[in-house]
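1. What follows is a predicted protein model with its sequence.
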Amino acid sequence: MGGFACDPADASRAYYVAGGNVVSAPLKTVGQQGFLRGHDGDITCMAVSNSGRYMATGQAGVNADVRVWDLVTGECVHVLSEHDEGVACVAFSADERLLASCGVPSDGKLFVWDVETGGIVSNGPCEPRDAKAVAFSPVVVSGIFYTFACAGADVVVYGVDAAEGKMGGQKCGVGHTKRQYCSAIFDDDGERLHCGSTSGDVASFGTAGCVLRALAPCCKGGALVLAKDPTEEGRFLVGGGDGTVSVFNPLRPPTVLDALDHVWKLKGAVTSLSFVDGEGGVTDGDGNRIVDRVVACTSEGMKYLCPTRKRLHDARAVSNSSKNDSDPSTEPLLLEESHVAPVKLVKFAPENAVFGAKNANNTYCDGIGSCVSASVDGALRGWTLDPRPNALMRAGLRTGAKPLCIAPTTSTTMTGWDDGNVRCHSNATGELLWTLPDAHVGGVSAVGVAVGQHFFVTGGVKGEVRVWDSRSRRLISTLKEHCQAVVGVECLGDDVHVVSASRDRSIITWDLVHERRVAQHTQRVGSINAFELYRADGRDATRMVSVGQDRSLSFWDLMEERALQVVPGAHAQECTCASLSPHGVLATGSKDQSVKLWDFETGALLAAEHAHCEAVRAVAFSQDGHTLVSGGDDGIVMVWNVQVAA
């Protein structure tokens, strides 16, 4: 929880976790992203100090470090390496002098750190051992006495003497009430501690006696996030596991009906709530604008900008579309969305492709510059990238099958799956149009569509290449010479010849009329993971490039037996994907988490970027060659501007 936070010092900027990186980006505009890199594992928790000066992040894994970042300079100022196995939660004190960090159950440690020096103020065993949340009281006595609480199977309130380095905790009494707590926050006066539970209610504890005072039902599926509303004293917003954003007011006696009176209903469990100044926001008596918007992130990869109050008489569920017909100041606005599982496939659609439903003018949304992505959870997204990424098509399967290959056309997107089926979805609606069952035993690992779209070709994990009639989906022919999985198939411009590449290191050119092999090229070392034809050569394109386990780039001409050029050591680890632009720029991705650009004619390195925090699995150029999209195991789809010299 808590993988997103708006910048308290700059209302237009936000921070969010992306695998092992923290991304700093404008909230509503495109570009100008920054990256905080340093972790070598997934970030599990994040906290931003009240002034926006510092950020703390913790990670999972053997190197379970807590890193403290100076957000003014973007530098990591401290690496705190006392935890083992993982960090569960972190929190800053109100005056930003202290930082508390709780380890995962297998670690079981609690540390209080000096933010300025990075030294340990105090430490001890973490109670409860399964702490899911930690929060500081805003009250600091004499500048040295601090109070904070850890919540999990129990709630423990700690006191810290920062001068002496002493720390002690008291478990809160709950009587016969048993809850698993997952969020925590103090009142402004520090006299009450509120903890959200997985049961969907909020428990209020008196900090003086550490006793349960009240229990308020707020939502279903767990009160996962608690955030104080700065527009009204004593008002809190609760992010629920059922996707609701509801109100908790400890000053008003709770009722069962409070759980039904939510402010907004979003798609997916609410995992983060962060307040931000909205345009045209309310002002105080001095004319100062008050924060009146909250950004809510959900488990479905959605990020919404919501008013803090419901301004319509009837609550309406939020549409899956970012386009609202009503006043955007009265309803949640979908800012962006993302995949929530590793992205294995990205591909640009043809220029005249159409994505999304018809608009008010009875026309489809502009599909120019649109791409399709697919993740291992079976989710498909059709995106338009102008002016910012916007998902116009959503599809997918809930059967557990994984997509292995993708081929978008003007009106449909064809995919191959590990269950051996080929499926076709509508670009306009995401509807499943047809399924070709049992196309290949073990899975369909490659698919390509003829230039005339009258037939399509598939490759299987057992090495078969099969040709199908597009209209009847009848099998036309089977070509079997590969002995391992086919990683790609490409139809040449004459729609008579097909090129296939396999992990058996071979690239074969097939004559579909005579159903035979006419040429074969063999990579010397390591299996092939991807290959690309240089389509800029026109209908008679014969040049191509392959990448694979040997970490090299191999350039070929189908008319020549040997490779034209081999660039060794192109990446530090195995090359996983490649794409060619019409300008002769080659993009490659690798398990080393980098994306690189090369000159196709010379093999010279043009640029290299390390933005993904896990293996890059797919890259794709737009039709004009000025936009590159990459997807990786970190679940992120990144859009790059590529400047090509005249």
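-> Structure received.
2. In the protein, spot the strand with the most residues.
-> Ranked by residue count, the top strand of the chain under DSSP state E comes out as strand 10-18.
3. Could you give the separation of that one from the chain centroid?
-> Its chain's C-alpha centre and that of strand 10-18 lie 14 Å apart, by Cα atoms, centre = their mean, to the nearest Å.
4. can you pull the buried residues of that strand?
-> Neighbour-count burial for strand 10-18 flags 11, 13-18 (criterion: 16 or more other Cβ atoms under 10 Å). Quick note: C-beta positions are derived from backbone N, CA and C, even for glycine.
5. Least confident of those?
-> Of all these, Ala11 carries the smallest pLDDT score, 75.
6. May I have whichever strand or helix holds Ala374 as CSV, with CA atoms only?
-> Per DSSP states H and E, Ala374 falls inside strand 370-375. The C-alpha coordinates for strand 370-375 follow below in CSV (Å, rounded to 0.1, in the frame of the first residue of the first chain):
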residue,chain,number,x,y,z
SER,A,370,-2.0,3.4,-31.6
CYS,A,371,-0.4,0.4,-30.1
VAL,A,372,-1.5,-2.8,-28.4
SER,A,373,0.1,-4.3,-25.2
ALA,A,374,-0.4,-7.6,-23.5
SER,A,375,0.6,-8.9,-20.0
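7. Summarise which helices and strands the next helix or strand after it is packed against.
-> Beyond strand 370-375 in the direction of the C-terminus, DSSP H and E gives the next helix or strand as strand 379-384. Contacts defined by 3 or more Cβ pairs under 8 Å, 6 or more residues apart in numbering; DSSP states H and E place strand 379-384 against strand 370-375, strand 390-396, strand 412-417.
8. Just want the angle from whichever helix or strand comes after the last one to strand 370-375.
-> Using DSSP H and E, the helix or strand that follows strand 412-417 in sequence is strand 422-426. With axes from the mean of the first three to the mean of the last three Cα atoms, to 10 degrees as the basis, strand 422-426 and strand 370-375 are set at 140 degrees to each other.
9. Neighbouring strands - and their directions - for strand 422-426?
-> Its sheet considered, strand 422-426 pairs with strand 412-417 (antiparallel), strand 432-436 (antiparallel) by DSSP bridges.
10. What average pLDDT does stretch 273-284 get?
-> Average pLDDT, stretch 273-284: 63.
11. which element is the residue nearest to Val295 when sequence neighbours are not counted on?
-> Closest residue to Val295 apart from its sequence neighbours, by Cβ to Cβ, 6 or more residues apart in numbering: Ser274 at 5.0 Å. Assigning secondary structure by DSSP H and E places Ser274 in strand 270-276.
12. Give me the contacts around that strand.
-> 1-6, 11, 14, 27, 224-227, 229-230, 237, 239-241, 243-245, 291, 293-299, 305, 308 (Cβ atoms under 8 Å, 6 or more residues apart in numbering).
13. picking that back up, now do the strand holding Ala374: distance to the chain's middle.
-> Centroid separation between strand 370-375 and its chain, computed with Cα atoms, centre = their mean, is 13 Å.
14. For it, name the packing helices and strands.
-> For strand 370-375, the packing partners by 3+ Cβ pairs under 8 Å, 6+ apart are strand 343-348, strand 379-384, strand 403-408, strand 627-632.
15. Beta-bridge partners for Leu305, please?
-> Note on Leu305: beta-bridge partners by DSSP bridges are Val295, Leu333.
16. pretty sure it is in contact with Pro332, am I right?
-> Yes: look at Leu305 against Pro332 with Cβ atoms under 8 Å: they come within range, at 6.7 Å.
17. higher neighbour count, those two?
-> More neighbours surround Pro332 than the other of Leu305 and Pro332, with 25 against 19 (other Cβ atoms under 10 Å).
18. Please tell me how far the more buried one sits from Phe248.
-> Counting by Cβ to Cβ, to the nearest Å, the gap between Pro332 and Phe248 amounts to 19 Å.
19. again, but for Val23
-> 30 Å.
20. of the two, who's got more company?
-> Between Val23 and Phe248, counted using other Cβ under 10 Å, the more crowded position is Phe248 (26 against 18).
21. Could you pull up the residues touching that one?
-> Contacts of Phe248 (Cβ under 8 Å, 6+ apart): 194, 202, 216, 218, 223, 226, 235-238, 254, 258.
22. Give me the neighbour count for the nearest residue to it once chain neighbours are set aside.
-> Excluding the flanking residues, the one nearest Phe248 by Cβ to Cβ, 6+ apart is Phe236, at 4.4 Å. For Phe236, the count of nearby residues is 24 (other Cβ under 10 Å).
23. Would you agree Phe236 is in contact with Ala184?
-> No: if you go by Cβ under 8 Å, Phe236 and Ala184 don't touch, sitting 11.5 Å apart.
24. just to revisit the earlier point, which of the contacts of Phe248 tops the neighbour count?
-> Ala223 (34 neighbours).
25. got the phi/psi numbers for that one?
-> Main-chain dihedrals, Ala223, degrees, to the nearest 10: phi -90, psi 80.
26. Can you read off the pLDDT for it?
-> With respect to pLDDT, Ala223 scores 93.
27. on that earlier part again, from the contacts of Phe248, which ones fall inside strands?
-> Taking DSSP E, the ones among the contacts of Phe248 that sit in strands are 194, 202, 216, 223, 226, 236-238.
28. So what does Ala536 have for phi and psi?
-> Reported as degrees, to the nearest 10, the phi and psi values for Ala536 are phi -60, psi -20.
29. so what's the closest residue to it other than its chain neighbours up against?
-> Distances taken as Cβ to Cβ, 6+ apart place Pro582 nearest to Ala536, at 4.6 Å, with adjacent residues excluded. Neighbouring residues of Pro582 by Cβ under 8 Å, 6+ apart: 535-536, 621, 623-625.
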